[in-house]
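Asker: my questions are about this predicted structure, shown below with the sequence.
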Amino acid sequence: MAGPGGPLISRLRGQELARRELARSIYRPSLLERIWHDITRWFGSLLSTSPAGAPSWWGLILLAVVVVAAVAAVVYWLGPAKVNKRADDRAVAGTVSLSASEHREAANQLAASGNYGGAIIERIRAIVVDLENRGVLLHRPARTATELAAEAGGAFPAEARELAAAARGFNDVRYGGRPGTERAYRRVRDLDDRLAAATATLPDEARSRTTQLNLPSIPAATAVTDQPRGHAE
């Protein structure tokens, strides 16, 4: 078609050009924008008022339940030990040097007062000090609870699982902020008692080294020469 001012665009051509223009990305929201729009629209429907103008209490209750469930899921997924990812790198021993019996006495006093978390910590420290004094573990102030479980588990294979559980409990209480329980404390206390009465099983290499160290020393033989003393050519 043509007009006085020049050629005009036909209807079909105009529709085609309009479709091309509207198909451009600037006219289409992104995936995130569409998701956010749907979420806000859903929240708006929850908080919409009734015909009388009163808020939708069922919507508010449902929203609160969803928020609480989301927070609980995040906390459960993280867990106390995951919140503090460096728990396995922190030493068991405290800044004050105490004997094993002193750590046990402190644990008993804390448990009697209901502080089972502190009692668990003191019992684990008692295990470390006791095993070091007995020569089962080397004296090392920077030993972690995880390392304690691994090293002591080799010397006491029957208690390896309980040692690993005690190490996890120590990390959860000491660094994860989880409160200790009476049941957990009794479990660690019984483990301490069994280890104190048990005999460590040394690896073959360590047992061989210990045997060699206990052998009596043999005096060196006196050097003998083929030529008699006083002989002169």
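Answerer: Yep, it's here.
Asker: name the helices or strands packed onto the helix or strand containing Glu162?
Answerer: Per DSSP states H and E, Glu162 falls inside helix 160-174. With contacts taken as 3 or more CB pairs under 8 Å, 6 or more residues apart in numbering; DSSP states H and E, helix 160-174 sits against helix 57-83, helix 116-133, helix 145-155, helix 182-197. Glycine gets a C-beta too; all of them are placed from N, C-alpha and C.
Asker: dump that helix to PDB, keeping only the CA atoms.
Answerer: Presented in PDB, the C-alpha positions along helix 160-174 are these (Å, rounded to 0.1, in the frame of the first residue of the first chain):
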ATOM      1  CA  ALA A 160      37.600 -47.600  69.500                       C
ATOM      2  CA  ARG A 161      34.000 -47.000  68.800                       C
ATOM      3  CA  GLU A 162      33.300 -45.500  72.200                       C
ATOM      4  CA  LEU A 163      36.400 -43.300  71.900                       C
ATOM      5  CA  ALA A 164      35.100 -42.000  68.600                       C
ATOM      6  CA  ALA A 165      31.700 -41.300  70.100                       C
ATOM      7  CA  ALA A 166      33.300 -39.600  73.100                       C
ATOM      8  CA  ALA A 167      35.400 -37.400  70.700                       C
ATOM      9  CA  ARG A 168      32.300 -36.300  68.800                       C
ATOM     10  CA  GLY A 169      30.500 -35.500  72.000                       C
ATOM     11  CA  PHE A 170      33.400 -33.500  73.300                       C
ATOM     12  CA  ASN A 171      33.500 -31.400  70.000                       C
ATOM     13  CA  ASP A 172      29.700 -30.900  70.100                       C
ATOM     14  CA  VAL A 173      29.800 -29.700  73.700                       C
ATOM     15  CA  ARG A 174      33.000 -27.800  73.700                       C
END
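Asker: list the buried residues of it.
Answerer: Glu162, Leu163, Ala164, Ala166, Ala167, Arg168, Gly169, Phe170, Asn171, Asp172, Val173, Arg174 (16 or more other CB atoms under 10 Å).
Asker: next, the angle helix 182-197 makes with that helix.
Answerer: Going by axes from the mean of the first three to the mean of the last three CA atoms, to 10 degrees, helix 160-174 is angled at 130 degrees with respect to helix 182-197.
Asker: next, the angle helix 145-155 makes with helix 160-174.
Answerer: If you take the same axes, to 10 degrees, helix 160-174 sits at 170 degrees to helix 145-155.
Asker: how about Leu138, nearest residue that isn't a chain neighbour?
Answerer: Distance criterion CB to CB, 6 or more residues apart in numbering; nearest residue to Leu138, sequence neighbours excluded, is Glu132 at 7.2 Å.
Asker: per-domain residue ranges of the chain.
Answerer: Structural domains assigned to the chain are 38-83, 100-202, following automatic domain parsing.
Asker: skip the chain neighbours and tell me the closest residue to Arg194.
Answerer: Nearest one to Arg194, counting by CB to CB, 6+ apart, is Glu159 at 6.5 Å.
Asker: same deal with Ala126?
Answerer: His103 (3.7 Å).
Asker: show me the contacts for that neighbour.
Answerer: Shown in contact with His103 (CB atoms under 8 Å, 6 or more residues apart in numbering): Glu122, Arg123, Arg125, Ala126, Val129.
Asker: excluding covalently adjacent residues, which one is nearest to the last one?
Answerer: Closest residue to Val129 apart from its sequence neighbours, by CB to CB, 6+ apart: Ala100 at 4.3 Å.
Asker: what about the one you found, how many residues nearby?
Answerer: A count of nearby residues for Ala100, using other CB atoms under 10 Å, gives 20.
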